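below are the sequence and a predicted model; questions follow.
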Amino acid sequence: MPAHDVLIIGAGLAGQRAALAAAEAGATVAVMSKVHPVRSHSNAAAGGINAALNPEDSWESHAFDTVKGSDYLGDQDAIEIMCREAPGEVLWLEHRGVTFHRSPEGKLGTRAFGGASAARTYYVADITGQALLHVLYEQLMKVHAQVERYEEWFVTALVQDDEGDCCGAVARNIRDGSMELFSAKAVIQASGGAGQCFKPTTNALICTGDGIAQSFRIGAPLMDMEMIQYHPTTLAGNGILITEGARGEGAHLYNAAGERFMERYAPNKMELASRDVVSRSEQTEINEGRGFPDGTVALDITKVPRKRTLEALREIVNIGRDFAGVDITREPIHIKPGCHYIMGGVKTDVWGATDIPGLYAAGEVACVSVHGGNRLGANSLLDTLIFGRRSGEHAAQRAAGMGMPQAPEAELADERRAIARIIGRESGGRRISEIKDELGEMMNEKCAVFRTQEGLTEAQSTIVRLKEEASVAAIDDRGTVFNQDVLGAIELGYMLDVGECIVMGALERKESRGAQFRLDFPERNDDDWLKHITLSVNGGDVPTISYSPVTMTQWEPQERTY
Amino acid sequence: MAEYTLRLRRYSPETGEAPYWEDFQVDLDGHRSVLDGILQARDRTDGSIGIRCSCRAAICGSCGVRINGRPNLACHMHLDKATENAVDGIITVEPMGNMPVLKDLIVDMDAVHWKKIQRVTPWLLPDGPDPEREHIVAPESMIDVTQSMACIQCGACVSDCLSMEVDPLFIGPAALAKAYRFVGDPRDGQHYERLKDLAEDPHGIYDCTHCFNCIEACPKGVAPMSQIMRLRRIAGSDHEIDDRNNGHRHEQAFVKNIERNGLLHEADLLPDSYGGKFHPRAIPVLTGSLPAILKALQRGKVTPRKALLHSHKAGDDVKRIYKHVHDKEERYELNLYVAGEEDEPGDDAPQAGHADAAGSHLPEERSPNQ
């Protein structure tokens, strides 16, 4: 049985950063991912990474912007840590070889981003996430002696010892279908978000909420699950992302009448207000008939000098050309709000530790919470790196003080049987893709920018039905080598668990804050709802709801205008 | 919506059957991708179709395949465009080349691609300890290496590398582009060592035959062959690395040969590559190639007169080109991220067109969902 001090599930930025930190702290490390690490969704973060590195800027300013962006639901102790450690992290990345954009003097240069009171976003053209991910992978190849990589392994369950501590995981080698039980002194979940619960979404096909569901199933509480970010600029139909960098560089938004409508909603920050504010403004324009017939508004990037666009927004020039047939340097492109990010996730402390001893979470899978009700652009890369590193360090520390636990063999047998049952299913059930599409389209209708009690209640009962259908969904592939069909069936189960929690959270929060806007409760209500909603399993059919206070340090809630 | 026929190369290692073709009908808008088509076939008809995919937006590099015989990302090729190049209107999709197939459209990238990436010491080797703040470097240098940083490791260039087909040990286009990412990075302290290593390796930078396949294959405009040529120029001209493969001397001989003759004088090229007809290094090479020369004479491919006396001399136009290049203070580098003049009419070509000319296409009509 393979055994490692620290087992990391997911190899995007959070997972790779955790691996490097844990290895540096002296632990033996394994990093496991269902895709090759450079295929991870961190790739898609185009715009940049925030840090108050400029001497005229301050971490307090960055922290306040983040608190305000979160609509005061973010935990201020965690936000302070993230913003204080951001400059050091950006320098660490620069020293490892990230090819950050430079000022004419050769120093690190910045671009403006939404919801920020200073230009503090560091970037590599519009492939920042990709550049970071590939540079971290370079470092991972460098430390191959300390970090074992399990590439294309799919985790089916986390395992616990008799005391309930997390002590490993069961995983399937996708290449040959073999199952293995991994023992570990600490497990770090870094497997990303759950955007595939929605259709369309900017998220990659792999973002199926695996880590959120796996942690939830062994009892780790989830937090802020109702907070789903709709990104203001996604392509209609396929949901492909147009980076906020475009607006950071000076692009404007127009409705079908040619009005720069953000003047009405955020007269100061205009297009660079927080994402929830911009998305809501767009959706209001569209709902009130001022959008284009295809249910969109226009993003005009021709405002940005062409030379600058070709250098700094190269990727979306390609995306416009290849996925929308538009030359963005010459004409506006039609966009709409689209599901992009889940602020909620597995509840952790500032070291990434969950309520289950031995289990950590970092990155989009986790909820520290630094994003609260709404994440600022270019804070997600920062979140993955800061809390990836911190959980790697803390997990290594835990591992140093204990012996190797023996993960119970029975778990392996259970998981083998579960997979055999899926592969051996009789034909006749609904197709997995059909169930997934129904879930995604339903969530995008009932649990989107605007929500109501009625819609959410319908969503809840739909998910109950879909869960039943998913348990007997049809399987075509009975093989062992790259059986992606059976993985799809397991992922569908994860998505339905996560979807259920999102809807429950949204139903429970009877106010409007950040990304949650309830048409039946349109105001923010600090008296009753300035608190986190947490969800955990209770052994029954329905997750239990409880509350957790928001940590305040120096910023009292204020009215939020941009 | 339109009907498209996808002909997929299927292979399952578990059945013991040989690979075979299977047709699937899909029903999608023409601007949707070949990947969307394959996923529809998988979703509606056969869940066992194997293909790696994730982002659907040409960022993650998972879905490298051959479409109608040419490498690309399945998500980066529209169905209508693919149909234009298809025989009998049937879009064929098969796994990439130069790598073993694991199942259907999935190849073993570890066995080939990633092994080669590891060959080039793919991490920064800075001189000395980290500075207190950032490294101060020229802004252009970062933009310059961003072109090779734009590589998404999809393997499309590896798939159709002709040199690798002949010499499987060739380090290859993707890994050498990765090497340039460090050689071009002023923060790296091992430029000479890296270049020496890649020049001396018989499967290194001089193993590339300039076929341009990798430039045409790359969906991200990385232009791997251009990066290889830059490695050669820096190795030979800047670091004066005289490699044992005789690669640098051969290049110099070639350049001089054209400068003198305008048209290639082949009889001179070989000895000149080794220092001239009477250079001790050239004698064994010339002797070794005697059988080939005799065979060519025998079959009438060359005449002794033509082989020895090259009547063609470089004309003024050739001299002008040489002067123009020599007089330039900086080497002319084509780079995607270094943009041209602002708002020149029809100025797509210099920066955007160079590298991804093969893959780029601006559909005339707006897609229906706009």
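In hand now; what should we look at?

going by C-alpha atoms from here, please, whenever you check contacts or count neighbours.
Will do.

those residues of the stretch 51-200 of chain B touching chain A, which are they?
B:53-57, B:59-62, B:76, B:102-103, B:118, B:122-124, B:130-131, B:133-139, B:142-143, B:145-146, B:149-150, B:152, B:187 (C-alpha under 8 Å from any C-alpha of the partner chain).

which among the residues you listed end up buried?
B:53-57, B:59-62, B:76, B:102-103, B:118, B:122-124, B:133-135, B:137-139, B:142-143, B:145-146, B:149-150, B:152, B:187 (16 or more other C-alpha atoms under 10 Å in any protein chain shown).

contacting residues for residue A:19?
By C-alpha atoms under 8 Å, 6 or more residues apart in numbering or on different chains, the contact list for residue A:19 reads A:8, A:29, A:30, A:31, A:140, A:147, A:389, A:392.

ramachandran coordinates for residue A:353?
Here is the backbone geometry of residue A:353 (degrees, to the nearest 10): phi -80, psi 130.

now it. Nearest residue, chain neighbours left out?
residue A:360 (4.4 Å; C-alpha to C-alpha, 6 or more residues apart in numbering or on different chains).

hang on, the one you found in a strand?
Yes. Secondary structure of residue A:360 (DSSP: H, G, I helix; E, B strand; the rest coil): part of a strand.

quick check: it touching residue A:350?
No. Contact between residue A:360 and residue A:350 fails when scored by C-alpha atoms under 8 Å: they sit 10.5 Å apart.

in terms of neighbours, single out the busier of the two.
A count of neighbours by other C-alpha atoms under 10 Å in any protein chain shown puts residue A:360 above the other of residue A:360 and residue A:350, at 30 against 21.

which positions are bridged to that one in the beta structure?
residue A:188, residue A:353 (DSSP bridges).

residue contacts, it?
Residue A:360 touches A:186, A:187, A:188, A:189, A:348, A:352, A:353, A:354, A:391, A:395, counting by C-alpha under 8 Å, 6+ apart.

can you pick out the most distant pair from these?
Farthest apart among the contacts of residue A:360 by C-alpha to C-alpha are A:186 and A:348. That separation is 14.3 Å.

which one's more surrounded, these two?
More crowded of residue A:186 and residue A:348, by other C-alpha under 10 Å: residue A:186, with 31 against 25.

that one: what secondary structure?
strand.

what of the one 5 residues further on?
Classification of residue A:191 into helix, strand or coil gives coil, according to three-state DSSP.

from residue A:489, how far out is it?
To residue A:489, residue A:191 is 18 Å away according to C-alpha to C-alpha, to the nearest Å.

next: residue B:179.
When residue B:179 is compared with residue A:489 (using C-alpha to C-alpha), they lie 41 Å apart.

these two: which is more packed in?
Shown here are residue B:179 and residue A:489; by other C-alpha under 10 Å, residue B:179 has more neighbours (26 against 23).

in a strand, the more buried one, correct?
No. Counting by three-state DSSP, residue B:179 is not part of a strand but helix.

which non-adjacent residue is nearest it?
residue B:120 (5.9 Å).

give the contact list for the one you found.
B:175, B:176, B:178, B:179, B:194, B:198.

now swap in residue A:351 and tell me
Contacts of residue A:351 by C-alpha under 8 Å, 6+ apart are A:387, A:390, A:391, A:394.
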